[in-house]
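> The sequence isn't on hand, but the structure is:
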């Protein structure tokens, strides 16, 4: 069972029939403070600058206004790591004031108390935090961030403290599939929903020759773990 209310399901069904873009995603930046082995999005600041830099906040805001006029209601901010976007806080505040049901995808490592306290005053519809494993060793092996696990657990504690609804995204790969039971144990401890997937998009932004490849399961393995 998912966590979307039945009313949302009906809205999406009706919007689909009418051709209304009810849901949109703003990928604010491909930059990330981690370097996960399977990531298909991440670019370094140097790569971003060579390719023209980030979209200015004013342009994102204009797109949000146009999207609202076309009927969009649900807006997901993502990255990379969206909290690395230089103007994230003022941009989020302005777009939130337009009346969207906002959600944020994050790896959780940058959610300190000041940030979460600020978010509580502009509470998103949902925070979606990716948990890449159940230990610091897994975070070091997969994400090259040995402090990442502790940082995410801190984020969970703070989100609970400030009553911000969140769910866990679990990106499963050959390097962390052994942590699946621990991820579900942690989710149960915090009483939150887990959306786990063993399918990874190929990292073609890094290397076009990796189409169909990269650090990922075979189709048979992905199917088996999805069933599990």
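The structure has been received and is ready for your questions. Predicted model only: the values in this text are computed from it and were never measured. Numbering: from 1, shown residues only.
> Tell me what the residue sitting nearest the centre point of the chain is bridged to.
For the chain, the residue nearest the mean C-alpha position is residue 105 (2.5 Å; Cα atoms, centre = their mean). Beta-bridge partners recorded for residue 105 (DSSP bridges): residue 128.
> Just confirm it contacts residue 82, I think it does.
Yes - at 6.8 Å, residue 105 and residue 82 qualify as touching, with contact defined as Cβ atoms under 8 Å. (Glycine included, C-beta is placed from N, CA and C.)
> which intervals of the protein have sub-threshold pLDDT?
By pLDDT under 70, the weakly predicted segments of the chain are 1-5, 202-214.
> got the residue ranges for the strands in it?
Secondary structure of the chain by DSSP state E: the strands cover 23-27, 74-78, 101-106, 126-130, 166-171, 194-197.
> related to what we said a few turns ago, what residues are up against the residue nearest to the centre of the chain?
By Cβ atoms under 8 Å, 6 or more residues apart in numbering, residue 105 lies in contact with 76, 77, 78, 79, 82, 128, 130, 169.
> Roughly how far does the first one sit from residue 172?
When you say that, I think you mean residue 76. 21 Å (Cβ to Cβ, to the nearest Å).
> Settle it for me: which of the two has more neighbours?
residue 172 (26 against 20; other Cβ atoms under 10 Å).
> Am I right that that one is in contact with residue 195?
No - using Cβ under 8 Å, residue 172 is not in contact with residue 195; the gap is 11.1 Å.
> contacting residues for the residue nearest to residue 54 when sequence neighbours are not counted?
With sequence-adjacent residues excluded and distances taken as Cβ to Cβ, 6 or more residues apart in numbering, residue 54 is closest to residue 29, at 5.7 Å. Each residue near residue 29 by Cβ under 8 Å, 6+ apart is listed here: 48, 54, 79, 80, 81, 82, 84, 85.
> Residue 21 touches residue 73, doesn't it?
No - counting by Cβ under 8 Å, residue 21 stays clear of residue 73, with 9.4 Å between them.
> So if I had to pick from those two, which one is more boxed in?
Remark: of residue 21 and residue 73, residue 73 carries more neighbours, 19 against 12, as counted by other Cβ under 10 Å.
> All set now, cheers.
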